[in-house]
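Peer 1: Sequence plus predicted model, see below.
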Amino acid sequence: MSQNSYSSQRKCSCGLVVKTLISSTTSNPGRRFFRCPRPDFSSCGNWEWEDQAFPEVAYLRNLEPSLKDIKMEMDNSKIEVENSKIEMENLKIVVENLKIKVGHLSKTIATLEASNDLVVEKVRIFQDNYHKIKYKVMISCFLFVGFLVALTTK
């Protein structure tokens, strides 16, 4: 905190020449004020702002860290966007690989379905032949039994 030449013109309630100080608070950065020169425990408590307006330089000084923070956030956002683009490209590759696998699986399914259709047709033909043979065997048995009966009754 600095002292100013204006302080010799002002006096506090104690009758002492006030100190001119500069605020370092976040709500009033760089703003000048007058204060009793005594330590807090013995001070008369007198203080007042030197000006009513917020100094532009202090306002700009206060903005500088905010601008740095905003720039850092923008830089971080740019990095996040680039990372998202890379991730999206990787996901596109994964999707393309999955499409290829789906294509292969579709061909495999079609092949298995065709093979299954052939097996079903062979089973149907086998069952038809089985029934034909079964009926022929039954007829042959009846004829043979009939022949035996005819031989024994004669």
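Peer 2: Cool, the structure landed. Residues are numbered from 1 along each chain as shown.

Peer 1: After the lowest-mean-pLDDT helix or strand in the chain, heading C-terminal, what element do we hit next?
Peer 2: When each helix and strand of the chain is scored by mean pLDDT, DSSP states H and E, strand 47-49 comes last, with a mean of 86. Downstream of strand 47-49, the first helix or strand assigned by DSSP states H and E is helix 56-153.

Peer 1: if I look at the spatially most central residue of the chain, how far off is Ser77?
Peer 2: Taking CA atoms, centre = their mean as the criterion, Ser84 is the residue nearest the geometric centre of the chain, at 9.3 Å. Look at Ser84 and Ser77: by CB to CB, to the nearest Å, they are 10 Å apart. All C-beta spots, glycine's among them, are computed from the backbone N, C-alpha and C.

Peer 1: try Leu143
Peer 2: According to CB to CB, Leu143 stands 96 Å off from Ser77.

Peer 1: how close does Leu16 get to Lys122?
Peer 2: 117 Å.

Peer 1: Among those two, which residue is more densely surrounded?
Peer 2: Leu16 (15 against 10; other CB atoms under 10 Å).

Peer 1: Dihedrals phi and psi, that one?
Peer 2: Backbone torsions of Leu16, given as degrees, to the nearest 10, read phi -90, psi 160.

Peer 1: same thing with the one 3 residues further on?
Peer 2: Summarising the backbone geometry of Lys19 under the convention degrees, to the nearest 10, its torsions are phi -90, psi 140.

Peer 1: Excluding residues flanking it in the chain, which one is nearest it?
Peer 2: If the residues on either side of it in the chain are set aside, Lys19 comes closest to Pro37, at 4.8 Å by CB to CB, 6 or more residues apart in numbering.

Peer 1: Now do the contacts for that neighbour.
Peer 2: Applying CB atoms under 8 Å, 6 or more residues apart in numbering to Pro37 gives the contacts 12, 16-19.

Peer 1: returning to what we had before: model confidence for the residue nearest to the centre of the chain, exactly?
Peer 2: If you check Ser84, the pLDDT there is 97.

Peer 1: Can you give me the distance of it to Gln9?
Peer 2: From Ser84 to Gln9 the distance is 62 Å (CB to CB).

Peer 1: Please list all residues in contact with Trp47.
Peer 2: Shown in contact with Trp47 (CB under 8 Å, 6+ apart): 33-36.
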